[in-house]
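J.: structural data only, the sequence is not supplied:
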Ligand code: NDP
Ligand code: HEM
């Protein structure tokens, strides 16, 4: 051993007598319970894993900055969006359905979760690489995810289950069109866009309100695998995307995204042609042109995957003054779900971990709990007469708006042009190239041709795509060899 190497210790700092040998009764005899070095090592090993995320388990991330270049103070008073402001951030990319260790290149949406360490607390934009989603009510989220995960009996993924759910949930058509296109298999995380997807509330210092959507547009350009290339890349290297990002940042090739916003005046929402709170819809650019407002750059790799990436905890409920939630039902469901799962997965004090804790001072009255090390002192309650922290209602003034109505369980109110297929049709008709269309058809046919997909499901698959566009449905019909119902 060289002089400069430190001594091995237990986690209590006690020097360890051997890195190799357990204590035994004679060289060939049984081991002793008094060997607490061994006991601590094995017992800790037995507890090395926290549960993986129930969705988005496989991923990678990096640190960076968001720099705002335009003045949007007429829309929001959020300090993080002040012109010239630079804010440190952590961004985690992920696949959705696969477990830790699953192939990065699998056909799936990709998570694009941004944690902004603002001076007014952490602001998390927990989005995907798609501007929309499969469903519009959180009631269906666990069912949707179950259909993407594994069967109960044989623990296998099952394409019949997926098409069964999608064709019985026609609101999925827009997102499934994107998923089955080559955007479902991005070449790398650097070469895809991120979207906040939901509509959020912005309010300015004068308490005027707006609705906003976020788009992070890749400056590397969109680059996708074909289905065949993605399968080959995943077979060769299941960690293709983690490696790509880590190597690029490691050699100083720092990826950037242009942050765009679409801003809708508050009053427009009532009779906009699409329900602006329906997560299966975009706002067409011609209605609300995207405005460039800044640049997101990734420039630093994490040093410890478990501490910084596996234990990163994003929550759509982390909103800062100047930003609020919208009535999007999916967003409302997510406001509950993320902090709830973090308390289960990581523990009640997950916000004290370095990757999760805010950079500004915390003055909360929350205290104690497992593994808490930074605790409030007295006074431990509010209100108090001992100079404890006090809330300022004016900071969030502006996020309020009036809502009235009967308590119901119902679908969204339909606006003039709302349906399940129109925007998917626009994508097929107006946006896709002939090559995009050919690949979309080929990917659908390959996916729905899996041996487990039943004939009656295939018939519904043809009808589903005919509802998007007759030509698309006819081509899927020919590829699957069924006519539709
Ligand atoms: P536009 O022609 O103004 O915009 C279409 C947008 O589609 C582009 O700006 C690009 O956005 C995205 N796009 C381009 N090629 C593809 C592709 N092969 N697959 C998926 N998306 C692509 O039209 P609209 O705003 O009227 O939207 C028409 C359709 O485009 C929508 O129904 C939706 O399906 C799709 N779309 C619209 C977006 C929006 O926010 N309005 C965003 C993304 C898709 P980007 O660079 O952001 O990918
Ligand atoms: C992760 C729930 C919809 C993006 C998660 C996790 C849960 C969850 C429980 C695991 C979090 C963790 O353990 O850290 C839900 C529910 C939804 C929903 C209940 C709908 C009601 C969405 C939508 C998007 C999205 C619409 C994108 C627009 C993500 C991302 C992650 C994630 C990016 C991974 C975050 C990370 O990198 O740690 N979701 N989700 N989810 N979800 Fe959702």
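T.: The structure has been received and is ready for your questions. What you see is a predicted model, and the numbers here were worked out from it, not measured in a lab. Ligands and ions are numbered 1, 2, ... in the order given.
J.: near ligand 2, which residues of the stretch 151-300 of the chain?
T.: residue 197 (Cβ under 6 Å from any ligand atom). The C-beta positions use only the backbone N, C-alpha and C, and glycine is treated the same way.
J.: the stretch 151-300 of the chain: helices as residue ranges?
T.: Using DSSP state H, counting those that start in this stretch, the helices of the stretch 151-300 of the chain run over 159-168, 173-180, 227-236, 240-250.
J.: which stretch among those helices comes nearest residue 88?
T.: Checking the helices of the stretch 151-300 of the chain against residue 88 by Cβ to Cβ gives helix 240-250 as the closest, at 15.0 Å.
J.: quick check: residue 66 is in a strand.
T.: Yes - counting by DSSP: H, G, I helix; E, B strand; the rest coil, residue 66 is located in a strand.
J.: skipping its backbone neighbours, what lies nearest the closest residue to ligand 1 within the stretch 1-150 of the chain in space?
T.: Minimum separation of the stretch 1-150 of the chain from ligand 1 (Cβ to the nearest ligand atom) falls at residue 131, amounting to 4.4 Å. Counting by Cβ to Cβ, 6 or more residues apart in numbering, residue 131 lies nearest to residue 195, which is 4.2 Å off, once chain neighbours are set aside.
J.: quick one, what contacts the one you found?
T.: Residues near residue 195 by Cβ atoms under 8 Å, 6 or more residues apart in numbering: 112, 127-131, 213-216.
J.: which strand residues bridge it?
T.: Beta bridges link residue 195 to residue 128, residue 215 when assigned by DSSP bridges.
J.: could I get the helices of the stretch 151-300 of the chain in CSV, plus columns for mean pLDDT?
T.: Output for the helices of the stretch 151-300 of the chain, formatted as CSV (pLDDT from 0 to 100):
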stretch, mean pLDDT
helix 159-168, 98
helix 173-180, 98
helix 227-236, 98
helix 240-250, 98
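J.: ok so, going back, got the confidence number for the residue of the stretch 1-150 of the chain closest to ligand 1?
T.: For residue 131, the pLDDT comes out at 98.
J.: now the one 3 residues further on
T.: At residue 134 the predicted local distance difference test score is 98.
J.: with residue 461 instead?
T.: Looking at residue 461, its pLDDT stands at 98.
J.: report the secondary structure state of residue 117.
T.: Here residue 117 is strand, with the state taken from three-state DSSP.
J.: is ligand 1 contacted by stretch 171-189?
T.: Yes - Stretch 171-189 is in contact with ligand 1 by Cβ under 6 Å from any ligand atom, via 178, 181, 183.
J.: and stretch 210-224, by the same measure?
T.: Yes - under the criterion of Cβ under 6 Å from any ligand atom, stretch 210-224 makes contact with ligand 1 via 215, 217.
J.: average model confidence for that stretch?
T.: 98.
J.: which residue ranges of the stretch 151-300 of the chain form strands?
T.: Per DSSP state E, counting those that start in this stretch, the stretch 151-300 of the chain carries strands over the ranges 194-195, 200-203, 209-218, 256-265, 291-300.
J.: what's the closest of those to residue 455?
T.: Using Cβ to Cβ, the strands of the stretch 151-300 of the chain put strand 194-195 closest to residue 455, at 36.3 Å.
J.: that closest one - what's its average pLDDT?
T.: Rounded mean pLDDT across strand 194-195 is 98.
J.: next, work out how far apart residue 350 and residue 94 are.
T.: 18 Å (Cβ to Cβ, to the nearest Å).
J.: for those two, indicate the residue with more neighbours.
T.: Each of residue 350 and residue 94 has its neighbours counted (other Cβ atoms under 10 Å); residue 94 has more, 24 against 21.
J.: helix, strand or coil for that one?
T.: strand.
J.: count of neighbours near residue 25?
T.: Residue 25 has 9 nearby residues by other Cβ under 10 Å.
J.: contacts only, for the residue most central in space within the chain.
T.: Nearest to the mean C-alpha position of the chain, by Cα atoms, centre = their mean, lies residue 111 at 3.8 Å. Residue 111 is in contact with 56, 59, 92-96, 126-129, counting by Cβ under 8 Å, 6+ apart.
J.: name the SS class of it, please.
T.: Three-state call for residue 111 (three-state DSSP): strand.
J.: equivalent analysis for residue 114, please.
T.: What three-state DSSP gives for residue 114 is strand.
J.: likewise residue 3?
T.: Of the three states, residue 3 takes coil according to three-state DSSP.
J.: so who does the residue lying closest to residue 93 once chain neighbours are set aside touch?
T.: Once flanking residues are discounted, residue 93 sits nearest to residue 189: 4.2 Å by Cβ to Cβ, 6+ apart. Counting by Cβ under 8 Å, 6+ apart, residue 189 makes contact with 60, 93, 110, 241, 244-245.
J.: in stretch 293-307, what counts as buried?
T.: 293-298, 301-302 (16 or more other Cβ atoms under 10 Å).
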